[in-house]
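A.B. asks: from the sequence below, what's the structure:
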Amino acid sequence: MLAKLLLITTTTLLSEVGPSSAETDATALLWEHYLRPQIMWPALPDDAIADLAMLPAVPAVDTDVLALGTRLFHDPQLSSTGDVSCASCHQAAHAFADPQEVSSGSQGAMGKRNAPALVNTRLWRHFFWDGRSPDLVHQAAIPLADPVEMANSTDAVVNYVGNAESYRQLWRSAYADQAVEWRLIAAAIAEFEQQLQSPPNRLDQFLLAIKQQQWQQAKASLTDQELMGLDIFRGKAGCIKCHNGPLLSDQQFHNTGLHYYGRFYEDLGRFEVTANAHDMGKFRTPSLRQLRDTAPYMHNGLFPHLGGIVNMYSHGGARPQPREPLPTPIYYPQTSDLLVPFRLSEEERRALLAFLQML
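C.D. replies: Numbering: from 1, shown residues only. The predicted model follows:
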């Protein structure tokens, strides 16, 4: 009887001390797979076009143009009613994103999309969720003129900046004797936005240590749980197929099934730019950097927590069907074939979330 009690007590103590030898062996093997040059890591899914990457360094900026752009970005007088600035929807505390589900503009007018983060903008090839702008200078005029955002005009802003005493010295320092014009105002705002960069996270530290073959430093950069999450992100869950490169975005447009076609919240995304039926419901892949700061998530701010997104993707994304049969010529938005259902254990789910929250 005493021996039996000792055996039970010993087994209980061992279970409380830490993981089993099998779990320890599996973790050690996983580290072995990743503590090597990145080209030798476990293979990516067939549809993945790139692997994870560090952010490049921020290039030098023109400090005088930057000072002007900083003031313009934060100035509510650029809106017609003087109550909304660029910073109203792109808040510094939230990686220059909006913590509201959908952003509000002049006199409280509500838009239909969540304002995306403005960090790392110099790396993007398209702007807005639907990619309607090719660069930041072009982008600057769109919210300015939108009646539910700043409800103003470029001419009015040129007139305001050209006559405001508070801008006189800033303009002279930035552009010397050049006349005030919208092109230069937009360039100054873009200069401010282009120097906004996410701070290096522990994934960046891990990738740098791997590149330098500093294996101990690499191992110290991630926890065992986060490494498991990284492996699931690159493999079983297939997140890497769309979230890769330094932005953790492929910069492409995909349909995840959240278009609400034919419903009150309908938003057809990229289709509104291209008028191509096959672009219905497609939105630009968001960056996954600073996820802790940029909730709520998705183009419509639908998800307040990352767990809900993992649940949706584990089912292969949203798969809505038309409420009634459509005539043959009418195209119904199709959820991307890149989204494939996957099954995670509770341990794996926690690991994936830990990795995402670390980004």
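A.B. asks: is the spatially most central residue of the chain in a helix, a strand, or coil?
C.D. replies: By C-alpha atoms, centre = their mean, the chain has its centre lying nearest to residue 287, at 2.5 Å. Under DSSP: H, G, I helix; E, B strand; the rest coil, residue 287 falls in the coil class.
A.B. asks: now do the contacts for it.
C.D. replies: 117, 119-120, 247-249 (C-beta atoms under 8 Å, 6 or more residues apart in numbering). C-betas here are computed from N, CA, C, even on glycine.
A.B. asks: let's see 10 Å
C.D. replies: By C-beta atoms under 10 Å, 6 or more residues apart in numbering, the contact list for residue 287 reads 95, 97, 116-117, 119-121, 123-124, 198, 243, 245-249, 251, 294, 359.
A.B. asks: what of residue 100?
C.D. replies: So residue 100 contacts 89, 91, 94, 110-111, 114-115, 296, 301 (C-beta under 10 Å, 6+ apart).
A.B. asks: swap in residue 314?
C.D. replies: So residue 314 contacts 237, 339-344, 349, 352 (C-beta under 10 Å, 6+ apart).
A.B. asks: mind running it again at 8 Å?
C.D. replies: Residue 314 touches 237, 341-344, counting by C-beta under 8 Å, 6+ apart.
A.B. asks: format those residues as TSV; extra columns: neighbour count.
C.D. replies: What follows is the contacts of residue 314, written out as TSV (neighbours: other C-beta atoms under 10 Å):
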residue	neighbour count
237	23
341	11
342	17
343	10
344	17
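A.B. asks: low-confidence stretches in the stretch 251-359 of the chain?
C.D. replies: 328-329 (pLDDT under 70).
A.B. asks: quick one, helices of it?
C.D. replies: With helices called from DSSP state H, counting those that start in this stretch, the stretch 251-359 of the chain shows them at 271-274, 306-314, 346-358.
A.B. asks: which positions in the first one come out as buried?
C.D. replies: For helix 271-274, burial by neighbour count (16 or more other C-beta atoms under 10 Å) applies to 271, 273-274.
A.B. asks: same check, this time on the second one
C.D. replies: For helix 306-314, burial by neighbour count (16+ other C-beta under 10 Å) applies to 306, 309-310, 312-314.
A.B. asks: what's the mean pLDDT across stretch 109-121?
C.D. replies: The average pLDDT within stretch 109-121 is 94.
A.B. asks: give the buried residues for it.
C.D. replies: 111, 113-121.
A.B. asks: pull the number of nearby residues for residue 265.
C.D. replies: Neighbour count for residue 265, taken as other C-beta atoms under 10 Å: 12.
A.B. asks: and the gap between it and residue 208?
C.D. replies: Residue 265 is 42 Å from residue 208, where distance means C-beta to C-beta, to the nearest Å.
A.B. asks: ditto for residue 142
C.D. replies: Applying C-beta to C-beta to residue 142 and residue 208 gives a distance of 37 Å.
A.B. asks: need the nearest residue in space to residue 301, chain neighbours excluded.
C.D. replies: residue 101 (3.2 Å; C-beta to C-beta, 6 or more residues apart in numbering).
A.B. asks: show me what contacts that neighbour?
C.D. replies: 114, 296, 300-302.
A.B. asks: who wins for neighbours among those residues?
C.D. replies: residue 114 (25 neighbours).
A.B. asks: now do the SS call for that residue.
C.D. replies: Residue 114 is classified as coil under three-state DSSP.
A.B. asks: next one: phi and psi at it?
C.D. replies: phi -80, psi 140 (degrees, to the nearest 10).
A.B. asks: and the strands in the stretch 51-200 of the chain?
C.D. replies: Here the stretch 51-200 of the chain has no strands by DSSP state E, counting those that start in this stretch.
A.B. asks: and if you look at the stretch 251-359 of the chain?
C.D. replies: 253-255, 282-284.
A.B. asks: now for the first one, which elements pack on it?
C.D. replies: Other helices and strands packing on strand 253-255, by 3 or more C-beta pairs under 8 Å, 6 or more residues apart in numbering; DSSP states H and E, are strand 282-284.
A.B. asks: centre of the chain to the strand it packs on, how far?
C.D. replies: 12 Å (C-alpha atoms, centre = their mean, to the nearest Å).
A.B. asks: who does it touch, helix- and strand-wise?
C.D. replies: strand 253-255.
A.B. asks: so how far is the strand it packs on off the chain centroid?
C.D. replies: On C-alpha atoms, centre = their mean, the centre of strand 253-255 falls 14 Å from that of its chain.
A.B. asks: start at 36, not 1
C.D. replies: Right, with 36 as the first residue, what we last looked at is strand 288-290.
A.B. asks: can you list the strands that that strand pairs with?
C.D. replies: strand 317-319 (antiparallel) (DSSP bridges).
A.B. asks: sweet, I'm off.
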